[in-house]
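Trainee: this one's sequence-less:
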Ligand SMILES: Nc1ncnc2c1ncn2[C@@H]1O[C@H](COP(=O)(O)OP(=O)(O)OP(=O)(O)O)[C@@H](O)[C@H]1O
Ligand SMILES: [Mg+2]
């Protein structure tokens, strides 16, 4: 399946049920490369499920589309290779240090110099002095920063961020987590945030 080269996400009619209950119903969205696109919804409204379908981790029951031009049903491996996905729940290795986690990710993605890439990311995200700390012993906000560093390190073409600033203090949101990662790492990003209404698009803007 092909898509226009300036389109990052193009899906139509996505539907997903768990245990006979529809949690995503007939969802369509189109996001251009270079855009920051967000959507909101209350807890359990299907935001994470949607992101997982977009990056090929979950197969929709109905609907189709592309992510970075790759078919979300048939080309999941390609999508995973080119997309950075920051999961809502911390999913790095708790018993590896900050540096070890970043180097592991760099090796997994075939980054040329994992040690240098890890060092640069530690500096970019303000994690200096915490390189040797076990990820499992970081505070919630620092874990978020590490997760953000890990998913941006391979320079993905697209970032999918699920509740990226939950637990991160306001100063860090402005100075590091939001600006540096969002602006530098990827031409298009999608993030989700929880508010008390149905899941729906909340913002659309060119990347900084
Ligand atoms: N693997 C699964 N198996 C069964 N049910 C699931 C599974 N994943 C999600 N669900 C259910 O699907 C619904 C939507 O969950 P999802 O995590 O997508 O919501 P969300 O909008 O991300 O919520 P939150 O704001 O709490 O993160 C919930 O009722 C959840 O319990
Ligand atoms: Mg969620």
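Mentor: Looks like it arrived, so ask away. What you see is a predicted model, and the numbers here were worked out from it, not measured in a lab. Numbering: from 1, shown residues only. Ligands and ions are numbered 1, 2, ... in the order given.
Trainee: Straight-line length of stretch 26-37, end to end?
Mentor: One end of stretch 26-37 sits 19 Å from the other (Cα to Cα, to the nearest Å).
Trainee: Which positions within that stretch qualify as buried?
Mentor: Buried residues in stretch 26-37, defined by neighbour count with 16 or more other Cβ atoms under 10 Å: 27, 29, 31, 32, 33, 35, 36, 37. Every residue, glycine included, has its C-beta placed from N, CA and C.
Trainee: Mind checking if the helix or strand where the third one lies is in reach of ligand 2?
Mentor: When elements are defined using DSSP states H and E, residue 31 is found to belong to strand 21-32. No: in terms of Cβ under 5 Å from the ion, no part of strand 21-32 sits within range of ligand 2; the closest distance is 10.7 Å.
Trainee: strand partners of that strand, parallel vs antiparallel please.
Mentor: Strand 21-32 sits in its sheet next to strand 7-18 (antiparallel), going by DSSP bridges.
Trainee: all strands of the protein, in order?
Mentor: Listed in chain order, the strands of the chain (DSSP state E) span 7-18, 21-32, 35-41, 62-67, 70-71, 83-86, 158-162, 188-194, 200-206.
Trainee: how about a markdown table for these, with mean pLDDT and distance to ligand 1 added?
Mentor: Listed next are the strands of the chain as a markdown table, based on pLDDT from 0 to 100; distance: least, Cβ to the nearest ligand atom, whole Å:
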| stretch | mean pLDDT | distance to ligand 1 |
| --- | --- | --- |
| strand 7-18 | 96 | 3 |
| strand 21-32 | 95 | 4 |
| strand 35-41 | 88 | 5 |
| strand 62-67 | 97 | 15 |
| strand 70-71 | 96 | 22 |
| strand 83-86 | 92 | 13 |
| strand 158-162 | 93 | 7 |
| strand 188-194 | 48 | 4 |
| strand 200-206 | 60 | 12 |
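Trainee: Greatest separation within the buried residues of stretch 26-37: which pair is it?
Mentor: Largest separation among the buried residues of stretch 26-37 by Cβ to Cβ: 27 and 33, giving 20.1 Å.
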